[in-house]
Structure formats: C-alpha cells, structure tokens
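Asks: Provided below are the primary sequence and the corresponding predicted coordinates.
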Amino acid sequence: MRRTLAAGLTLLTVTALATPTTAAAEEAASGKGRGMAALTGFAFLPAQTFVPGSEPSGAALGTTPVNGVTPPFADQPVQGFSGLVRNSDGTFDAISDNGYGTKANSADFLLRIHRIAPDFAKNTVDVLGGITLTDPNGHIPFPLTRPDRVITGADIDIESVTRGADGTYWMGDEFGPYLLHFDRAGRLLAPPVPLPGVRAPENPAGSPNLGGSKGFEGLTLSPDGKTLNALLEGTVAGDAPGTLRLNEFDVAGNAFTGKTWRYRLEDPNFAIGDAIAVDANRLLVIERDSAQGADALVKRVYLADKRDRDRDGVLDKTMVADLLNLANPKRLGGHADPFRFPFVTIEDVTILDDRTIAVLNDNNFPSSSGRTPGRPDDNEFITVRLAENLHADPRVLRRR
C-alpha cells in the first residue's frame, strides 16, 4: 500500500445519519429564496496521508480491504477533520474525532491536533505538525486505554473545538457528553465537565437519554470570550423530535449556566456538523443528511439566530450556502460548475472574512467514498463566498 507521509498529526469522526425526506430534498433542489454561494478555493489532503514514524493503527478493522485500502496501518492516519480553528498566519488547527467510528475499534488511534496549511494555488494541504492529547495529571476519572495516559479514540470522542484568548483549547466530546479543556501542549487541564441531565450510552454514569455519537458536535466561543455555546448533535429523550439543545457554558466558572436554546433540524433524520459564532446572537451551523455521492441531497450552512424573533421556541434559520450547489465558473480543482460537496459527514466551518467561510469534510478514513465510489475520500478544504455579508462581530473576524 502506498502511503503519503506528512509532517503532521491526527484525529477523526464517524456519524450515521438518515435519508432525507422527499419534501426536504425538493426544497434543497429548488434554490428558493436564497442567493447562490460560490466556490472560491479548493485544496485537498490525500486520504492516505500518515504521521511519519508514528504508532500502528487500525488493528481492530481487520484485514479486509475497505474502498481499496487494506488495514491495519503502519502509522497513524491524518484523517477525518471534525473541528477547525483559524490561526493568524494563514494556518489552521484541525482535530479529528475518535478514530474509526466506535470505542471498540479505536483503541490504537491517538487523539491529536493537526496544524494544516491549505495552498489554494496548488490545490494542496500541507500538514505542518501538531500535538497529541494527554491526561498526565489524571483528570479523567475513568480508566484510560493506555497507562501512559495518552488519550485514544476508545477513551474520548472529540467532535468540536474552539480556542480561548490564552491559547488553550476547549473541545466537545460525544461519549459523555463532556467539555474538555487542554493547554497549548495538548495536556488536559481539568476534569471533563459533563452536561447536567444528559448522558450518552458510553457515559459511565449510565441511564443514557441521548443517542450514541450524538454529543457535542458544535462548539464555539462567544466574541467576548466569556462563554461557550455547545450544540448537541442528537435530540435528548423527551425533547421534540429533531430539536437539538444549544447549551451555554461559563468559561471563568468552568460550568454550564443552565441556559439553553433549541435548534430545529429540517428533518429529524438529519444532523448538524459544526457551529461557529457570528456575533453574540448568531451562529453558522452545518446541517446534513446521511447520504454521499450522487445520493446526497441536503448539505447546507444555515445562519441561526438565538433571538427567535418569530417566537416559535427555536432558533431562526436562514440558509446561506447549499454545499451541493456552489457556483464554480472557474471550475476550481477540476470540478464541475456547479460544485458539489457530497460527503456523508461535513464537520468543519469557520469564518475567514465577512463574506467568506471555510468548510472541510470528515473523510471517515477509510470508510467514506462520496467523491469517487470505491475510493476513500480525501480531506477536502474549500472556501465559499456567500451571497451576502454576515455583518459579523469584528472580534470574530480578527485573526488570533
């Protein structure tokens, strides 16, 4: 097997979704009531990119080829970007989730933050380095897979990330769900903070009321840096079908405030992929169906507003980008016009300027094949110009 080496690091995400309803599919195809966003940049990291000189990975996948790739792997794959932070120098910090999709098959997948640099002139993404996540001071209260307290995909399933003004990272997990606070070297700073009253099937406390892999899929820092908003991917038992809780967290107090809002999916079978603050009241949210390739019908970016001006009990929503229908007159990356981003999991969005966003897929290596059937998806990095300005808080636009 040919492997592409990169000076990098690693992480992933796998989330099962369902097929969209006919009504939702027709709405997605109609383009009604919105301007057309445009592709302005395309770059990709090859699926078979590995951390050089790292540890073996994928032993629990067996030896049967998946999309033409045969596990296990001699090194850690750089794969499945599930959260993104923009840096001041044009690079980005990207995380991937728990590895190969479950606790059972990801014990040899080491959780890491990768520093990546897209080169849109060359359509490439370079992996510049990164850090491994660890818990050297024993903050995680349950047994870890490794005695050296390096955190693996069998311990925690990180799906979202943001960074504070002090350079430390906050990450949202799906196994608790928990919020976790790491320093700039990837060391856990405090015990994981559980969401009160909500438990996933993997939570040691038991009595789950949230579906598996349905924890914190979106995590964003407020413009003033005082609070986090953590968006669940799944509906808590007892809530209206297709509604997701957006939870406020006080950074200084290291605790959830108890304040919540509701985000309503266009279809209960859909899921969100990421969220990023636009200002104190608004955020961008990726919403998607479960399909890939030609079958993909709903992959969207919404502008959601907490103020609920129509008083229906959920965030107001306006679609700002249909990722399956992006204008591409220059045929960037050799792709057709319109451009389609037809992946099962699209799990990264960040704001580049008041009218431009970056979006990345989670390639679920080696499982997903949305771009070319039978071939593992690359990690694709696209920039999208919106039809209208966001009028974002200037602090959001400022590069850190």
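Replies: Great, that's in hand. Residues are numbered from 1 along each chain as shown.

Asks: what about residue 66, how many neighbours?
Replies: A count of nearby residues for residue 66, using other CB atoms under 10 Å, gives 17. Quick note: C-beta positions are derived from backbone N, CA and C, even for glycine.

Asks: Next one: it from residue 98, what distance?
Replies: Noted for residue 66: a distance of 17 Å to residue 98, by CB to CB, to the nearest Å.

Asks: quick one, strands of the stretch 251-400 of the chain?
Replies: 255-264, 271-277, 282-288, 299-305, 316-322, 345-353, 356-362, 379-385 (DSSP state E, counting those that start in this stretch).

Asks: Residue 180: which of the ones you listed is closest?
Replies: Comparing those by their distance to residue 180 (CB to CB), the top pick is strand 255-264, with 13.7 Å.

Asks: related to what we said a few turns ago, compare the strands of the stretch 251-400 of the chain and give me the one nearest residue 118.
Replies: Nearest to residue 118 among the strands of the stretch 251-400 of the chain is strand 379-385 (4.7 Å), distances taken as CB to CB.

Asks: re earlier: make TSV from the strands of the stretch 251-400 of the chain and add mean pLDDT and distance to residue 334 to it.
Replies: Putting the strands of the stretch 251-400 of the chain into TSV (pLDDT from 0 to 100; distance: least, CB to CB, whole Å) gives the following:
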stretch	mean pLDDT	distance to residue 334
strand 255-264	98	36
strand 271-277	98	25
strand 282-288	98	24
strand 299-305	98	20
strand 316-322	98	21
strand 345-353	97	20
strand 356-362	98	17
strand 379-385	98	12
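
Asks: Mind listing the residues bridging to residue 232?
Replies: Counting by DSSP bridges, residue 232 forms beta bridges with residue 216.

Asks: One more: residue 45?
Replies: Beta-bridge partners recorded for residue 45 (DSSP bridges): residue 379.

Asks: per-residue confidence at it?
Replies: Each residue has a pLDDT score; the one for residue 45 is 98.

Asks: What about it, how many residues nearby?
Replies: 26.

Asks: From residue 377, how far out is it?
Replies: According to CB to CB, residue 45 stands 10 Å off from residue 377.

Asks: ditto for residue 293
Replies: Residue 293 is 10 Å from residue 377, where distance means CB to CB.

Asks: These two: which is more packed in?
Replies: Per other CB under 10 Å, whichever of residue 293 and residue 377 has more neighbours is residue 377, with 28 against 16.

Asks: so what's that one up against?
Replies: Neighbouring residues of residue 377 by CB atoms under 8 Å, 6 or more residues apart in numbering: 47, 343, 361, 363, 364, 365, 368, 369, 370, 371.

Asks: how does it look with 6 Å?
Replies: If you count contacts by CB atoms under 6 Å, 6 or more residues apart in numbering, residue 377 has them with 363, 368, 370, 371.

Asks: for residue 261, same thing?
Replies: By CB under 6 Å, 6+ apart, the contact set of residue 261 is 246, 306, 315.

Asks: just residue 225 next, same as before
Replies: Residue 225 makes contacts with residue 165, as judged by CB under 6 Å, 6+ apart.

Asks: give me the element it is part of.
Replies: Assigned by DSSP states H and E, residue 225 belongs to no helix or strand.

Asks: What's the separation between it and residue 277?
Replies: 11 Å.

Asks: would you turn the strands of the stretch 251-400 of the chain into TSV with distance to residue 335?
Replies: Converted to TSV, the strands of the stretch 251-400 of the chain look like this (distance: least, CB to CB, whole Å):
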stretch	distance to residue 335
strand 255-264	31
strand 271-277	20
strand 282-288	19
strand 299-305	15
strand 316-322	15
strand 345-353	16
strand 356-362	14
strand 379-385	10
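
Asks: Out of those strands, the one nearest residue 87 is which?
Replies: That would be strand 345-353 among these, by CB to CB, at 10.5 Å.

Asks: Now tell me what touches that closest one from outside.
Replies: Here strand 345-353 makes contact (CB under 6 Å, 6+ apart) with 13, 15, 81-82, 84, 86, 273-274, 276, 284, 286, 288, 299, 357-362, 396.
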